[in-house]
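Asks: Turn this into a model:
(one chain, ligands or ions: 2)
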Amino acid sequence: MNQASLYQRANQVQRHDAKLILDEYSSKLQWRSDGQDSLLDVGSGSGNVLMDFVYPLLPKSYEQLVGTDISSKMVGYANNCYQRYERTQFQVLDIGCDRLPDQLKGRFDHVTSFYCLHWVQNLPIALNNIYDLLRNEGGDCLLVFLASNPVYEVYKVLHTNKKWAAYMQDVEQFISPLHTSSKPAEQFTQLLEEAGFLYRNVEVRSEVFVYEGVRTLKDNVKAICPFLERMPAALHEEFLDDFVNVVVSMNLQQQHIGDDQQQQRFASPYKLVVAYARKSSTLLGNMLSEMSTTKSLKGAS
Ligand SMILES: C[S@@+](CC[C@H](N)C(=O)[O-])C[C@H]1O[C@@H](n2cnc3c(N)ncnc32)[C@H](O)[C@@H]1O
Ligand SMILES: CC(C)=CCC/C(C)=C/CC/C(C)=C/C(=O)O
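Replies: Ligands and ions are numbered 1, 2, ... in the order given. Sure, this is the predicted structure:
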């Protein structure tokens, strides 16, 4: 996923879900009493979900807002779009990395992530890193990502087609690690616990998004499909036609009589993980942050 402007034009479902969940969870985030919150977002992509829906929730006096992404193209695009925002920057970070940059460790009150963690195969490492990004005295995270989506079943079918096999040999690397889990909520709760989070609330929501028309479906696939950039552009439309044919064979197509013409619709039933976790329990967190405030006041006198 490197094409920021393409993604920005075809990310309705990602925007819809982020807005809905933030409306619900913004009051659960543990905002600082001094209004000097710092927040890091994992997998910000083109940056518009972060800046349209998370940024407005921050107190005016926020300390810093850092958007991160594994793709330097996404980071460059977001820095360009949002350079006028104070104390805000985008930087490259692979949340599955072995060693976090020292300047990010323990610096954040909040970590958010929308539609990214299903791209990361090693969830234990990613969660350890998210834990380590949060301040030692506490902090919380809101993580939203796909457990399952029919797109992964379509990939598996196309991968067996000899026309596309050469471009899709590592297809498993692009399937959510929870796609085939029979208990994704329990599994992710356990991973949060193993990473050290003392408070964990994980729900898995069953949702359906309807794509209106073949072009809309194809544009949304184009925006996220990792295999297209590996093949000559001349093959893209044929790949997308085959994608749609597989969707039809999976009975996800609905006929709809519109105002003056018959329109095809495509239903995408998917499972979304919504996880909210705190590094320390509220009581312990409050005690630790009070202790650290007292300590720094003492140090300053
Ligand atoms: C579907 S986009 C989501 C963008 C944005 N959060 C949103 O909600 O619109 C997923 C992003 O995750 C990024 N990503 C994938 N693997 C990652 C990793 N290991 N570390 C950080 N970002 C990653 C991709 O480059 C892509 O920009
Ligand atoms: C009906 C059908 C198979 C629709 C596929 C819809 C689609 C483009 C899903 C993308 C899921 C995904 C990996 C999103 C993302 O990471 O942003």
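
Asks: pretty sure Lys156 is in a helix, no?
Replies: Yes - assessed by DSSP: H, G, I helix; E, B strand; the rest coil, Lys156 belongs to a helix.

Asks: pLDDT score assigned to it?
Replies: Per-residue pLDDT puts Lys156 at 98.

Asks: now swap in Gln254 and tell me
Replies: In this prediction Gln254 is given a pLDDT of 87.

Asks: what bridges to the closest residue to it other than its chain neighbours?
Replies: Excluding its sequence neighbours, the residue lying closest to Gln254 (CB to CB, 6 or more residues apart in numbering) is Arg265, at 4.4 Å. Just so you know, the C-beta spots here come from the backbone N, C-alpha and C atoms, and that holds for glycine as well. According to DSSP bridges, the residues that bridge with Arg265 are Glu212, Gln254.

Asks: what's Arg265 in contact with, if anything?
Replies: Taking CB atoms under 8 Å, 6 or more residues apart in numbering, we find Arg265 in contact with Val210, Tyr211, Glu212, Gly213, Gln253, Gln254, Gln255, His256.

Asks: with those residues in mind, which one is nearest to Val49?
Replies: Tyr211 (19.0 Å; CB to CB).

Asks: The closest one - how many residues pack around it?
Replies: When counting by other CB atoms under 10 Å, one arrives at 21 neighbours for Tyr211.

Asks: distance of it from Lys162?
Replies: Distance of Tyr211 to Lys162, computed by CB to CB, to the nearest Å: 28 Å.

Asks: Same question for Lys271.
Replies: Taking CB to CB, one finds Lys271 at 31 Å from Lys162.

Asks: okay, those two: which has more neighbours?
Replies: Using other CB under 10 Å, the more surrounded residue of Lys271 and Lys162 is Lys271, with 18 against 6.

Asks: Go ahead and confirm the more buried one touches Leu146.
Replies: Yes - assessed by CB atoms under 8 Å, Lys271 is found in contact with Leu146 at 7.1 Å.

Asks: Mind putting the contacts of Arg265 into TSV with distance to ligand 2?
Replies: Output for the contacts of Arg265, formatted as TSV (distance: CB to the nearest ligand atom, whole Å):
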residue	distance to ligand 2
Val210	9
Tyr211	6
Glu212	12
Gly213	12
Gln253	8
Gln254	10
Gln255	15
His256	15
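
Asks: Please indicate which of those residues has the highest neighbour count?
Replies: Tyr211 (21 neighbours).

Asks: which ones are touching it?
Replies: Counting by CB under 8 Å, 6+ apart, Tyr211 has contacts Leu217, Asn220, Arg265, Phe266, Ser268.

Asks: Phi first, then psi, for the closest residue to ligand 1 within the stretch 151-300 of the chain.
Replies: For the stretch 151-300 of the chain and ligand 1, the shortest gap (CB to the nearest ligand atom) falls at Ile224, measuring 5.8 Å. Here is the backbone geometry of Ile224 (degrees, to the nearest 10): phi -130, psi -10.

Asks: Near ligand 2, which residues of this protein? Just list them.
Replies: 14, 115, 146, 149-151, 154, 220-221, 224, 247, 252, 266, 268 (CB under 6 Å from any ligand atom).

Asks: returning to that earlier point: state the distance from the residue of the stretch 151-300 of the chain closest to ligand 1 to Gly43.
Replies: According to CB to CB, Ile224 stands 12 Å off from Gly43.

Asks: just checking, Glu212 touches Gln263?
Replies: Yes - assessed by CB under 8 Å, Glu212 is found in contact with Gln263 at 6.6 Å.

Asks: what is in contact with those two at once?
Replies: His256.

Asks: distance between stretch 91-104 and the chain's centre?
Replies: 16 Å (CA atoms, centre = their mean, to the nearest Å).

Asks: and that stretch with ligand 1, contact?
Replies: Yes - judged by CB under 6 Å from any ligand atom, stretch 91-104 comes into contact with ligand 1 at Leu93, Asp94, Ile95, Gly96.

Asks: Which one (most neighbours) among these?
Replies: Going by other CB under 10 Å, Ile95 tops these with 26 neighbours.
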